[in-house]
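S.K.: I need the structure of the sequence given here:
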Amino acid sequence: MWNKKNEEDPRPRPASNSAPAALAETSPTRPAPVETSRIVAVLGKSVVVKGQIFSQEDLTIDGEVAGTVQAEGHRLTIGPNGKLQADGVKAREVVVMGKMNGSVEATEKVYIRKDAQLVGDVQTAGIVIEDGAYFKGGIDIRKP
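M.R.: Residues are numbered from 1 along each chain as shown. A predicted model of the protein is given here:
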C-alpha cells in the first residue's frame, strides 16, 4: 500500500481550515451581509390625515396629509398619489414624487422626482431636482 503522508503536497498550508471561511465572509470581493429590509410605515391612497405625524421609522405618504410631519433621522417619501399640505416637514431625507406645499428641513438630502411638485422653502445639505419636476421656493444649502 501507498502512504498518503509521503505523497502530500510539500507547500505550506494554513494552520486552520476555518480561517479562509471567515475571510471569505468579509473579503472585498464578497462583502459582509447587510440588512436590506427596513421598516417603512405607509399611509395609503385612501388615507386622509389632518394634524401632526411623528414617525420613528421611514414613512411613505400616498394619501392626503395636512399638518406637520416629523420623521427626524428617517426618510419621508411622498408617493406619486400623495398630497402633503405641510406646516413644516423635518426628516433625514425627503423624496417628493407627488404634490407638496410647505417648508422642508432635511438633514441630508431632498429629491424632487420627475412629475413631482414642491412649493415651499427647502433647507438641506443637498438637493436633486429631476427634469420635469416643478419647484417654487428658496433653497438654503447647509453643511451636514
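
S.K.: what about this protein, any weak spots by pLDDT?
M.R.: Within the chain, the stretches with pLDDT under 70 are 1-37.

S.K.: Just give me the residue closest to the centre of it.
M.R.: Arg75 (5.5 Å; C-alpha atoms, centre = their mean).

S.K.: Spell out which helix or strand contains that residue, please.
M.R.: strand 64-78 (DSSP states H and E).

S.K.: Mind exporting the C-alpha coordinates of that strand to CSV?
M.R.: What follows is strand 64-78, C-alpha atoms only, in CSV (Å, rounded to 0.1, in the frame of the first residue of the first chain):
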residue,chain,number,x,y,z
GLU,A,64,-53.5,63.2,1.8
VAL,A,65,-51.9,64.9,4.8
ALA,A,66,-52.5,68.4,6.2
GLY,A,67,-50.3,69.4,9.1
THR,A,68,-46.8,68.8,10.3
VAL,A,69,-44.7,65.8,9.6
GLN,A,70,-41.6,64.8,11.6
ALA,A,71,-39.5,61.8,10.8
GLU,A,72,-36.2,63.0,12.1
GLY,A,73,-33.4,60.6,11.3
HIS,A,74,-35.6,58.8,8.8
ARG,A,75,-36.7,59.1,5.2
LEU,A,76,-40.0,60.7,4.3
THR,A,77,-41.4,59.8,0.8
ILE,A,78,-44.4,61.5,-0.7
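
S.K.: Which residues does that strand contact?
M.R.: Applying C-beta atoms under 8 Å, 6 or more residues apart in numbering, the external contacts of strand 64-78 come out as 43, 47-61, 82-100, 107, 116. Backbone N, C-alpha and C define where each C-beta goes, glycine included.

S.K.: now the residue nearest to the centre of the chain: how far from Gly138?
M.R.: According to C-beta to C-beta, to the nearest Å, Arg75 and Gly138 sit 23 Å apart.

S.K.: Does Ile141 touch Val110 like I think?
M.R.: No. Ile141 is beyond contact range of Val110, at 10.3 Å (criterion: C-beta atoms under 8 Å).
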